[in-house]
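S.K.: the following comprises the amino acid sequence and a computationally predicted model.
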Amino acid sequence: MSNTDRNPAEMRCGGVVDEPRRPPSGVEVLTARDVPLGGPRAMTVRRTLPQRARTLIGAWCFADHYGPDDVTATGGMDVAPHPHTGLQTVSWLFSGEIEHRDSLGVHAMVRPGELNLMTGGHGICHSEVSTSRTTILHGVQLWVALPGEHRDAGRDFRHHVPSPVPLDGGEARVFLGSLAGDTSPVPTFTPLLGAEITLEPRAEITLAVDEGFEHGVLVDTGEVRVRETVLRPSELGYLGMGADALTLTNASDTAARLVLLGGTPFEEQIVMWWNFVGRSHDDIVRARREWQDASARFGSVEGYDGDRLPAPALPNATIKPRGNPSPKGTP
């Protein structure tokens, strides 16, 4: 998915504007901001990463949460071909269907419970359109920053359908990394975790997790309690390193669903603007110019009915690395 902001925010190193809610439990609560995805009726997504209070959780650098969206009212998703560098996109749906086309030549469908992971690396472009079979569109779009030694990796696309893992009081689908005795076969460039977890009404589950990981709990439906902090729908709770177990409690009388993200702290500074992740202002300027010039760096998408997305104007300032608070330990 493209970051379709026409004026992407410039974030200066160390700046803190969006102060997270900080309960005594040590869970940072990051609230989402609404971002129109574009088009005449502008489907809206809820963005929790990045923000100035926290840029990354592990290597996860972008999180959009959308729906349930009635596409007859909003027009659904229609994101024209757009570029990416230095990152991977992770598409995960709860309902609906999205048609994906990219410059690697992949034509694939994104369906509920199925992982589609695309590696941009040195450069790729793709389009995303909700299909005519879709009535309700609902899911998340996530980005992963690539480490310096792999940020120019070649284009790649992986598809994986994880089997549901029964839990005592719920179920998990592990699309990246390892959890609850299940391991995704999809390789990652840094240690990562990505899983959808459903909780039965009033259920409580405790999961073994990697104590070297930071974690994020993004609530889709219901209210989920983590260390006595209740996370509401569309809130992302950040948990620092040091815990080898994570207890999740459904605080409601209806089923709850969340996406659990994790990874080792990403220690490199990144420059992130529009759909590009680099290490310097010059990286961004070069990528933007090459996209505008239709460079072979990004290739082209075949089969999309429409024009490419033009890049926004660059800010009238040097784009600085995004600041991220130091990784926290469990209190």
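M.R.: Nice, I can see it. Numbering: from 1, shown residues only.
S.K.: going by C-alpha atoms from here, please, whenever you check contacts or count neighbours.
M.R.: Will do.
S.K.: neighbours of the spatially closest residue to residue 54 that is not a sequence neighbour, how many?
M.R.: Distances taken as Cα to Cα, 6 or more residues apart in numbering place residue 324 nearest to residue 54, at 5.3 Å, with adjacent residues excluded. Using other Cα atoms under 10 Å, residue 324 has 22 other residues around it.
S.K.: could you verify my assumption that residue 156 touches residue 104?
M.R.: Yes: between residue 156 and residue 104 there is a contact under Cα atoms under 8 Å: 7.2 Å.
S.K.: I'd like to know how far the residue nearest to residue 54 sits from residue 222.
M.R.: 29 Å (Cα to Cα, to the nearest Å).
S.K.: cool, and residue 143?
M.R.: Counting by Cα to Cα - residue 143 and residue 222 are separated by 24 Å.
S.K.: pLDDT at residue 43, what is it?
M.R.: pLDDT recorded at residue 43 is 76.
S.K.: what number of residues lie near it?
M.R.: Residue 43 has 21 nearby residues by other Cα under 10 Å.
S.K.: start at 17 instead
M.R.: Sure thing, new numbering starts at 17, so read that last one as residue 59.
S.K.: isn't it up against residue 89?
M.R.: No: with contact defined as Cα under 8 Å, residue 59 does not reach residue 89; the gap is 9.2 Å.
S.K.: and the lengthiest helix in the chain, what does it pack against?
M.R.: If you go by DSSP state H, the chain has its longest helix at helix 297-308. Applying 3 or more Cα pairs under 8 Å, 6 or more residues apart in numbering; DSSP states H and E, one finds that helix 297-308 makes contact with strand 287-289, strand 292-294.
S.K.: can you put these in JSON lines and add mean neighbour count?
M.R.: JSON lines is the format used below for these (neighbours: other Cα atoms under 10 Å):
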{"stretch": "strand 287-289", "mean neighbour count": "26"}
{"stretch": "strand 292-294", "mean neighbour count": "25"}
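S.K.: can you put these in JSON lines and add distance to residue 210?
M.R.: Shown next, in JSON lines, are the helices and strands packed on helix 297-308 (distance: least, Cα to Cα, whole Å):
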{"stretch": "strand 287-289", "distance to residue 210": "22"}
{"stretch": "strand 292-294", "distance to residue 210": "20"}
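S.K.: who wins for proximity to residue 255 among these?
M.R.: Nearest of the helices and strands packed on helix 297-308 to residue 255, taken as Cα to Cα: strand 287-289 at 23.0 Å.
S.K.: that older thread, ok, residue 172 and residue 120, which is more surrounded?
M.R.: residue 120 (21 against 16).
S.K.: in three-state terms, label that one for me.
M.R.: coil (DSSP: H, G, I helix; E, B strand; the rest coil).
S.K.: got a pLDDT number for residue 193?
M.R.: In this prediction, residue 193 has a pLDDT value of 98.
S.K.: same question, residue 155
M.R.: 97.
S.K.: again with residue 20
M.R.: Value listed for residue 20 in the pLDDT field: 56.
S.K.: what of residue 330?
M.R.: Note on residue 330: pLDDT of 95.
S.K.: okay, now residue 305: neighbour count?
M.R.: For residue 305, using other Cα under 10 Å, the count is 12.
S.K.: would you map the helices across the stretch 17-166 of the chain?
M.R.: 87-90 (DSSP state H, counting those that start in this stretch).
S.K.: where in it is pLDDT low?
M.R.: For the stretch 17-166 of the chain, applying pLDDT under 70 flags the ranges 17-41, 54-58.
S.K.: quick one: the strands in it?
M.R.: 44-46, 49-52, 60-65, 76-86, 94-100, 103-111, 114-118, 123-126, 131-135, 140-146, 152-161 (DSSP state E, counting those that start in this stretch).
S.K.: can you give me the buried ones in the fourth one?
M.R.: Under the neighbour-count criterion of 16 or more other Cα atoms under 10 Å, strand 76-86 has 76, 77, 78, 79, 80, 81, 82, 83, 85, 86 buried.
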